[in-house]
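[1] just the structure for this:
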Amino acid sequence: MGTGERNQEAHVPEGTTGATNRAATAPGTAASAPRTLAEALRSRPDESLAALLRTRPDLLSPVPGDLTQLATRAGTRASVVRALERLDSFALQTAQVLAVAPDPAPYDAVRSLLAGDDGDPAVEAALPGALAALREQALVWGGDDRLRLVRTARELLAPSPTHPSATGLGPTVAEATAGMSPGRVQEILRAAGLPATHDPVSAVAALTSLFTDRARMTELLDSAPSDALTVLDRLVWGPPYGEVSADPPPPVRWLRDHGLLLPASARTLVLPREVALHLRAGRAHRTTEPVPPAVAPLREFRPQVVDATAAGQAFMALTTVEDLLAEWNEGGPAVLRAGGLSVRDLKRAATTLDTTEPTAAFWLELAYAAGLLASDGEADERYAPTPEYDDWLELPPAERWARLAVAWLTATRTAGLVGEQDAKGRTLSALGPDLDRSPAPEVRHRVLALLATLPDATSPDPESLLARLRWERPARSGPDDLRSRLAGWTLSEAELLGVTGRGALTTHGRTLLTPASGAVERGALGALAAKALAPHLPEPVDHVLLQADLTAVAPGPLRRPLAAMLGVLADIESKGGATVYRFTAGSVRRALDAGQTASDLQAFLTEHSRTPVPQPLSYLIDDVARRHGHLRVGAASAYVRCDDEAMLGEILADKRSQPLRLRRLAPTVLATTAEPAALLDGLRSMGYAPAAESAEGDVLITRADSRRTPRRAAPVPVPDGPPLPDETLLDAAVRAIRAGDTAATVVRKEPEAARTDGSLPRTSSAETLATVQAAAMTGSALWIGYVNAEGTASQRVIAPVRVEGGFVTAYDHTADEVRTYPLHRITGVAELADDPA
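    Residues are numbered from 1 along each chain as shown. Here you go, the predicted model:
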């Protein structure tokens, strides 16, 4: 870039309020060919810079000061590795080809290495898009006649003995003969039938010319022994290295003598890159993948069937979470010292839910991710429902499901890992640490998005879906292949949750894909999903059918107040299309402990039963109520008091009371060292119905939901790298980078004392004041050096407006705003060069 051109780019007309949006130059022209990545970025329009920062958000932390800093940061190893990991298969193959091609490489050379000598229409059609993606991410720069892969990416992708390339190619002839003696090179030339040369450089060039000449290479290989061709076949697709003995067999000796195998070490030979490409018919990869594999349909259903099936499963998901947390209403299992749930407690949870342990772990993690379950934080730490669980229960069923679905979709916690071992050999427990996997939300979104590409109510072939995911992120599909495992778990979890029905994406499941543009917040997304699901859920009923065998049948999902009361008064015996509740002495006593009376229970059943209250059930309620509270238990450590002395004698005489270690303190009082809760449980197991009382002698009313954790936020997902910037941040960042680049590249009038390194010379306070005042009067711009209060030095381009009181107020082109600077913090000033135009 010439001085006049730089001056013209840097000049900011008076009155401008924003950075200049520079137009991209035509690639491939000699006059505009960039010499560095920074120059290539400088020629991009603002929209292209924003696209770069959007695809590589790590470049924004912090915002680069100018385009040179942006280019430097884009070439760091960590950033390049992250960018390569997000390339699809064909874009990555294109980058790998650029790593083994000459630097710089023309477009035709890249196309030839990908398509081979015979050509490939699919490769030729997809290559411009792949190069555009690499250019957008600043991994490739330069015109089509001089394509350059950034240095760090070349170092990562180029083949070496310790780091084989995915292409399977070895070093070039020039690289392989770098340490070879000139005499040995001349021997190879004579064996290959080439004339001798006067220097090693021309000898290597002659050998390279031979290996890249298809006709002459064909003649040379036709003269080779058949066993030698077999050796080449073993090495052609990689790895290109082979070990040999001190006295190699004749086929290997012939290949070595003719330069078709070159020594990499004393016992290792390597197949030169040019020879391998000839044997491969010019292809760098055995198989190129220019077209993403399609997700194949497996089976088609009627949309009504899919939505109805998923709605039933969604309702079952709500019931399962409620049953799980209801079991832990009075306090769940203890938290392990290392965090998480023990294997024994996970098995108990699976038994409670009548499911497998992996499925129980999923429901536990789902409730935890939704903020419905947490540890109580006490000294004897235990799991319990949170206050948010009570709020959640009050929501309509569709909204409750939506909250679970959104929590599942955005959570990084991965229930499928439960039971596996970490890197240190420790078993990963449910609700424990180390279950976060950052790619999980992105994989779930992508799986649902791929399901949405199929026709409505169509289930996918799982293998084709996994193949598509591997094509989209091949660099992350390593030996562990976490993405494929996450995708498999996503398919099964989506079915459990009711996001899919019979494997096909549902109508309400499609609404979960709405925030692909980032325009819909989490709460709004849940509202959309709830609205789509609500018509498919069964309407709650407000009645049950009481039967003479002490059971009640709920013909559908019960309304919340009815279900809550019936859950206290009776035990669930079976579930399905209709839920069966059984009344027992223990369940009736539980309702009485909760503060109900016999008349309250009779009135409740009469109001909500479509059948008359059976006589056996009325007798059961009256009988338990008559005995309830006859015994009173309090804290002595614990005591039992009763007006019936004979009953207390009966308890003392019963052998089942021996573990309680009761002793009589008075005719109507027994005492024990056991805790009141243990005494209550022991007497109830003996068939009595004691009631707990306070220190004042009042009956204590217990509630089933009495144990709750303090208010706790749901676990925050662990991000997979820096967060994606929004459009406002991108616009501000691009303007700041442009303004900083203007200050860094501006052409200025250098005084005689200017330093040879181009840095700003220091000026005295008088010179600084005079120059700034003159610029304020003429409306011209200045280039200043400035040190802020923290001691950080920077260079800025300002247009002074007012100078008074030791401060200069100016429009700062670097910050794109009006600022005030103390004159004593300005270290030096220089006028900008005149605009040649």
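[2] phi first, then psi, for L92.
    With angles defined as degrees, to the nearest 10, L92 sits at phi -70, psi -40.
[3] number of residues surrounding the spatially closest residue to it that is not a sequence neighbour?
    Of all residues not flanking L92 in the chain, P474 sits nearest, at 5.7 Å (C-beta to C-beta, 6 or more residues apart in numbering). Where you see a C-beta, it was placed from the backbone N, CA and C, and this is true even at glycine. Per other C-beta atoms under 10 Å, the neighbour tally for P474 reads 21.
[4] what residues are up against P474?
    P474 makes contact with 87-89, 92, according to C-beta atoms under 8 Å, 6 or more residues apart in numbering.
[5] what's the most distant pair in the residues you listed?
    L87 and S89 (7.9 Å; C-beta to C-beta).
[6] for burial, what's the neighbour tally of the closest residue to R151 other than its chain neighbours?
    In space, R151 comes closest to G75 once its chain neighbours are excluded; the distance is 6.4 Å by C-beta to C-beta, 6+ apart. By the measure other C-beta under 10 Å, the count of residues near G75 is 17.
[7] average pLDDT for the helix or strand that contains V553?
    Following DSSP states H and E, the helix or strand that holds V553 is strand 551-554. Mean pLDDT, computed over strand 551-554, is 93.
[8] neighbouring contacts of it?
    By C-beta under 8 Å, 6+ apart, strand 551-554 touches 541, 544-547, 563, 566, 570, 573, 578-583, 609.
[9] how about 10 Å then?
    With C-beta atoms under 10 Å, 6 or more residues apart in numbering as the test, strand 551-554 has contacts from 540-541, 543-547, 562-563, 566, 569-570, 572-575, 578-583, 605, 608-611, 614, 617.
[10] next one: stretch 74-82
    Here stretch 74-82 makes contact (C-beta under 10 Å, 6+ apart) with 37-38, 41, 52, 56-59, 64, 72-73, 83, 137-139, 141, 150-157, 475, 720-722.
[11] list the buried ones in that stretch?
    74-75, 79-80, 82 (16 or more other C-beta atoms under 10 Å).
[12] how about it as CSV, C-alpha atoms only?
    This file holds the C-alpha atoms of stretch 74-82, laid out as CSV (Å, rounded to 0.1, in the frame of the first residue of the first chain):
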residue,chain,number,x,y,z
ALA,A,74,-6.5,-14.8,14.7
GLY,A,75,-3.2,-16.6,14.2
THR,A,76,-2.6,-17.8,17.8
ARG,A,77,-2.6,-21.5,18.3
ALA,A,78,-5.5,-21.7,20.7
SER,A,79,-7.8,-19.6,18.4
VAL,A,80,-6.8,-21.5,15.2
VAL,A,81,-7.4,-24.9,16.9
ARG,A,82,-10.9,-23.7,18.0
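[13] max-length strand in this structure?
    Assignment by DSSP state E gives strand 793-804 as the longest strand of the chain.
[14] export the contacts of P474 to CSV and tack on distance to G828 and neighbour count?
    CSV is the format used below for the contacts of P474 (distance: C-beta to C-beta, whole Å; neighbours: other C-beta atoms under 10 Å):
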residue, distance to G828, neighbour count
L87, 45, 22
D88, 50, 18
S89, 53, 23
L92, 48, 22
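[15] out of those residues, which are inside helices?
    In this view, the contacts of P474 that belong to helices under DSSP state H are 89, 92.
[16] so A178 touches P171, yeah?
    Yes: assessed by C-beta atoms under 10 Å, A178 is found in contact with P171 at 8.6 Å.
[17] which one of those two has more residues nearby?
    The residue with more neighbours, out of A178 and P171, is P171; 22 against 11, by other C-beta under 10 Å.
[18] surely that one and T208 touch.
    No: the criterion here is C-beta under 10 Å, and P171 misses it with T208 at 12.0 Å.
[19] now list whatever residues contact both of the two.
    Residues touching both P171 and T208 (C-beta under 10 Å, 6+ apart) are 177, 272-273.
[20] returning to that earlier point: can you turn the buried part of the contacts of stretch 74-82 into a PyMOL selection?
    With 16+ other C-beta under 10 Å as the criterion, this PyMOL line picks the buried residues out of these:
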select buried, resi 37+38+41+52+56+57+59+64+73+83+137+138+139+141+150+152+153+154+156+157+475
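[21] which of the contacts of stretch 74-82 fall in strands?
    Under the assignment DSSP E, those contribute W141 to strands.
[22] A350: which element?
    Counting by DSSP H and E, the element that carries A350 is helix 343-353.
[23] report all helices and strands that that helix contacts.
    Here helix 343-353 touches helix 303-327, helix 357-369, going by 3 or more C-beta pairs under 10 Å, 6 or more residues apart in numbering; DSSP states H and E.
[24] okay, the ones you listed in JSON lines with mean pLDDT next?
    Formatted as JSON lines, the helices and strands packed on helix 343-353 follow (pLDDT from 0 to 100):
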{"stretch": "helix 303-327", "mean pLDDT": "92"}
{"stretch": "helix 357-369", "mean pLDDT": "96"}
